[in-house]
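1. No sequence on hand, only this structure:
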């Protein structure tokens, strides 16, 4: 990347051009060859990890709460802010962002709206879907507050009913339980792609296929999907998917992603609207009217936006794509599997809450320390600069560990030693 003091010389058009193609020369060290094979060497991962400016005294394994951005993301945000403040040009980057995200998730750019976080996307979905008193929505017993409250609020306002799925340890049983929960009044299945509590990966494609066969709409809380694993929303078959840029995608904080299937869009209402979400409007002495909402997901995306954050989001997407999402997922999985296998050697010390079934896990592992106060041990670890996550949700009272590409095998080994000696 150019030095900040020189960047202003490029101008707004030059800045947009910088993000129009492959960012390989800017995002990754030129000495890193990621062109061959699925698995990269440890040495290559260490070079990639130098793209992050993480305090060397911190062992950060809480990516499920917030991902740490590579330097290129911070630079992109700062440089875009300088363009805006020096030229007064703040438009245009949203189109590039939507195109990148659509390609990343295998959907049309027109099906993507930019939000500020997952919770905003979930609220949009909860109010956009046509529900009435007595209609049923299926949630799970392991919800994040961001997916629970919007539906509970719809229940409070409109009298919908909530049915709860108790999540079992296998994908097959999960699907079977959902099938048993469905009644003629079930209108929406709203479940997490990956639970925030234990990191369990739900069989969302199978759930969506079943729902479609019953005429039921599907909403997927994808807070932990985008950036953790390869994502194909068309293959998944969901109706609506909400995610964010600040977790596994390693993007700027305050960025969110909402996908709505274009075949469903005319059924979805928008309670909040503004510039660009309409097809036309007029307020005059003679007539006051709005002709209608846009016929795509951009009806949920309106008003002045922070294009500096979108520039950072573009940089984050390109950073991961330049490595390859297949490699990113493999790295995330391999570190977490390494952690799991080491902890399984101490059944007297740990209770593993995350399913051991391979298809039901990826980058998050939740454990309880047998005979210990998990909150106290969590606080001790945090005091020693081991940044994990304590999970009080669903009364689990456990410790959650997230691994991403900036983590190392050495950190996994050191953490296991810490936990064993606790």
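-> Here it is on my side, so go on. Fair warning: this is a prediction, and the values are worked out from it, not measured in the lab.
2. ok, how many other residues are close to residue 65?
-> Residue 65 sits with 13 neighbouring residues when counted by other C-beta atoms under 10 Å. C-beta: built from backbone N, CA, C; applies to glycine.
3. which stretches of this protein have low pLDDT?
-> The chain contains residues with pLDDT under 70 at 1-37.
4. Regarding it, what is its longest helix?
-> What stands out as the longest helix in the chain, according to DSSP state H, is helix 325-343.
5. who touches that helix?
-> For helix 325-343, the surrounding residues in contact (C-beta atoms under 8 Å, 6 or more residues apart in numbering) are 34, 38-40, 45, 104, 227-231, 248, 320, 350, 352, 354, 356, 361-365, 367, 401, 403-405, 407, 409, 412-413, 415-416, 419.
6. Now do the SS call for the spatially most central residue of the chain.
-> Among the residues of the chain, the one closest to the centroid is residue 223, at 3.4 Å (C-alpha atoms, centre = their mean). The three-state label given to residue 223 by DSSP: H, G, I helix; E, B strand; the rest coil is coil.
7. I'd guess residue 97 is in a strand, am I close?
-> No. Going by three-state DSSP, the assignment for residue 97 is helix, not a strand.
8. give the contact list for it.
-> Residue 97 neighbours (C-beta under 8 Å, 6+ apart): 114, 310, 313, 314.
9. Same check on residue 372?
-> residue 422.
10. if you set the cut-off to 10 Å instead, what comes out?
-> Residues in contact with residue 372 (C-beta atoms under 10 Å, 6 or more residues apart in numbering) are 349, 350, 378, 399, 419, 422.
11. how many neighbours does residue 56 have?
-> Residues lying near residue 56 (other C-beta under 10 Å) number 7.
12. Could you measure from it over to residue 406?
-> To residue 406, residue 56 is 12 Å away according to C-beta to C-beta, to the nearest Å.
13. quick one, phi/psi of the nearest residue to residue 292 once chain neighbours are set aside?
-> Nearest residue to residue 292 in three dimensions, chain neighbours excluded: residue 279, at 4.7 Å (C-beta to C-beta, 6 or more residues apart in numbering). When read as degrees, to the nearest 10, the backbone of residue 279 gives phi -100, psi -10.
14. ok, back up a step: quick one: the residue nearest to the centre of the chain and residue 147 touch, right?
-> Yes. With contacts counted by C-beta atoms under 10 Å, residue 223 reaches residue 147, the gap being 8.2 Å.
15. Can you work out which residues contact both of these two?
-> 118, 119, 122, 192, 196, 242.
16. Among the residues you listed, name the ones in strands.
-> Among those, the members falling in strands (DSSP state E) are 192, 242.
17. which one of the shared contacts of residue 223 and residue 147 sits closest to residue 159?
-> Minimum distance to residue 159 across those is 19.4 Å, recorded for residue 122 (C-beta to C-beta).
18. Quick check: the gap between the closest one and residue 188.
-> Counting by C-beta to C-beta, the gap from residue 122 to residue 188 is 12 Å.
19. Neighbour count for the two, which is higher?
-> Neighbour tally, residue 122 and residue 188, criterion other C-beta under 10 Å: the higher count belongs to residue 122, 27 against 24.
20. circling back: and the residue nearest to residue 292, how many neighbours?
-> 11.
21. how about the nearest residue to residue 67 once chain neighbours are set aside, secondary structure?
-> Nearest residue to residue 67, sequence neighbours excluded (C-beta to C-beta, 6+ apart): residue 250, at 4.4 Å. Counting by three-state DSSP, the backbone at residue 250 sits in coil.
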